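Colleague: after the sequence you'll find the predicted model.
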Amino acid sequence: MTTTVVDPHLLGVAAELPRSAYSTEELLDAGQGHLSDRLEEMLGSLGVDTRYSILANYPEVLFQGAEPELDITVVDLAVRAARKCLAKADVPVETIGLVLGVSSSPGRLVPSLVCDMFARMPELPRTAQNLSIEYMGCSAMAKAIDTARWYLTCNPGKRVLVCFAEATTPLSPPLPGFYRHFLEVPPDQRQQSVDVLHGFLFADAAVAMVLGADGDGPTFGPVANLTNDLPEDAELGTVPDGGSDIPVVQGRRAYTLSPLVTPRGAFYARETMQMALKDDSCHLAAPADASVLLVHTGSVRILNALCQEFGLDPGHDKVVSSYRVLRDYGNTLGCSVPLMLAEPVRRPAGQGLLVAFGLSFGCGVFTMTVPEGGWTP
């Protein structure tokens, strides 16, 4: 017997953001006396104008050593996104057979994000399956789409609720000292510059999707994956402490970042893109032929490099969502590509490409086919 593999259809998508938003200017003002001129210039050119935080006092936490004041927990942010999405999808909640909780910055390690969601959402079927996709970084959407494909193929008539939720701002290290640009410090002080970058680049958000075997929305094709092409790529970015290897944590957990992240990230996106283009389900000869190109928002530097690689001008309409999401929300890890899908803009009919890559190190590229007449979330 031959099994027909299901391409997931997007039945609904909705984003939820914390109330507290902080501009780059606001953070730079709060950091006066803490940052060198060259570092300030770099932070102002990341491509991020605004970022959202679940903290009500984020600038004070960063630069004044204030205790974090939660305005909302990450699981409550996730629940709001999920309920908004279920209402938009307008599907019977009893048809939800699988709930995926996707996060690299959950509120706590146990219970998992998805189990905490079940505790707060009595409307979800108690018998629905649940699965955590955690600590997959910025490539997490590719993993969620693959998982939904497998589930929907094996469970006709069921649907999948996926909730991406990230809250990295509470994890940003306090910055009480004076900090310089990467090129102004010796290698053994590089981590201090990484700590500052973390505070300005990353941000919080939640996005939920409902996926089914049929529907009027876009469909997602097979995912091309590439993971740790070189063994040392696993060390391009790490959170080394807080696990069983280093169980004792002094202050915030460390976040390390290699200077090779940008060139290796471009390599992963390029190589995985070529694999996706060769798949029989892809009708495109080159990335520039896509109706839309949604690329993870690592930084404006990475986006510019990938646009050049893919043969598109950074200002092209096909890639504008990536730059806009980076500008308006910062780097939200696994939420970045989902935020692009939640944008209230009309997507033209045709086959687009989604590129999700990041630390661990991995990349997933897959097609999104928008039906005739276009689609608006």
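Modeller: Everything's here; your move. Numbering: from 1, shown residues only.
Colleague: C-alpha from now on. contacts and neighbour counts both.
Modeller: OK.
Colleague: where does pLDDT dip in the stretch 151-300 of the chain?
Modeller: Judged by pLDDT under 70, the stretch 151-300 of the chain has no weakly predicted residues.
Colleague: strands of that one, start to end?
Modeller: 159-166, 205-212, 219-220, 224-227, 237-238, 256-257, 293-295 (DSSP state E, counting those that start in this stretch).
Colleague: okay if I get those strands as CSV plus distance to T367 and mean neighbour count?
Modeller: CSV is the format used below for the strands of the stretch 151-300 of the chain (distance: least, CA to CA, whole Å; neighbours: other CA atoms under 10 Å):
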stretch, distance to T367, mean neighbour count
strand 159-166, 18, 30
strand 205-212, 15, 30
strand 219-220, 6, 24
strand 224-227, 10, 20
strand 237-238, 27, 16
strand 256-257, 30, 18
strand 293-295, 9, 25
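Colleague: tabulate those strands (a markdown table), appending distance to G373.
Modeller: Output for the strands of the stretch 151-300 of the chain, formatted as a markdown table (distance: least, CA to CA, whole Å):
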| stretch | distance to G373 |
| --- | --- |
| strand 159-166 | 24 |
| strand 205-212 | 20 |
| strand 219-220 | 14 |
| strand 224-227 | 27 |
| strand 237-238 | 42 |
| strand 256-257 | 43 |
| strand 293-295 | 18 |
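Colleague: select, out of those, the one closest to L77.
Modeller: Each of the strands of the stretch 151-300 of the chain was scored for nearness to L77 using CA to CA, and the closest is strand 205-212 (6.1 Å).
Colleague: what angle separates the closest one from strand 159-166?
Modeller: Strand 205-212 and strand 159-166 are oriented at 170 degrees to each other (axes from the mean of the first three to the mean of the last three CA atoms, to 10 degrees).
Colleague: residue contacts, G33?
Modeller: G33 is in contact with F178, counting by CA atoms under 8 Å, 6 or more residues apart in numbering.
Colleague: okay, now P156: neighbour count?
Modeller: When neighbours are defined as other CA atoms under 10 Å, P156 has 11 of them.
Colleague: wait, A167
Modeller: As a burial measure, A167 scores 27 neighbours (other CA under 10 Å).
Colleague: that one: what's it in contact with?
Modeller: Applying CA under 8 Å, 6+ apart, the residues contacting A167 are S53, I54, V74, S105, P106, G107, A203, D204, A205.
Colleague: go on, L201?
Modeller: Taking CA under 8 Å, 6+ apart, we find L201 in contact with L46, V48, S299, G330, N331.
Colleague: just the CA coordinates of the top helix by length along the chain, formatted as PDB?
Modeller: Assignment by DSSP state H gives helix 261-278 as the longest helix of the chain. As requested, the backbone C-alpha atoms of helix 261-278 are provided in PDB (Å, rounded to 0.1, in the frame of the first residue of the first chain):
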ATOM      1  CA  VAL A 261      28.400  32.700  12.500                       C
ATOM      2  CA  THR A 262      27.800  35.000   9.600                       C
ATOM      3  CA  PRO A 263      29.800  33.200   7.000                       C
ATOM      4  CA  ARG A 264      28.800  29.800   8.200                       C
ATOM      5  CA  GLY A 265      25.100  30.800   8.300                       C
ATOM      6  CA  ALA A 266      25.300  32.000   4.700                       C
ATOM      7  CA  PHE A 267      26.900  28.700   3.800                       C
ATOM      8  CA  TYR A 268      24.000  26.700   5.400                       C
ATOM      9  CA  ALA A 269      21.400  28.900   3.800                       C
ATOM     10  CA  ARG A 270      23.000  28.500   0.400                       C
ATOM     11  CA  GLU A 271      23.600  24.800   0.500                       C
ATOM     12  CA  THR A 272      20.200  24.000   1.900                       C
ATOM     13  CA  MET A 273      18.600  26.200  -0.600                       C
ATOM     14  CA  GLN A 274      20.200  24.200  -3.400                       C
ATOM     15  CA  MET A 275      18.800  21.000  -2.000                       C
ATOM     16  CA  ALA A 276      15.300  22.500  -1.800                       C
ATOM     17  CA  LEU A 277      15.500  23.700  -5.400                       C
ATOM     18  CA  LYS A 278      16.400  20.200  -6.600                       C
END
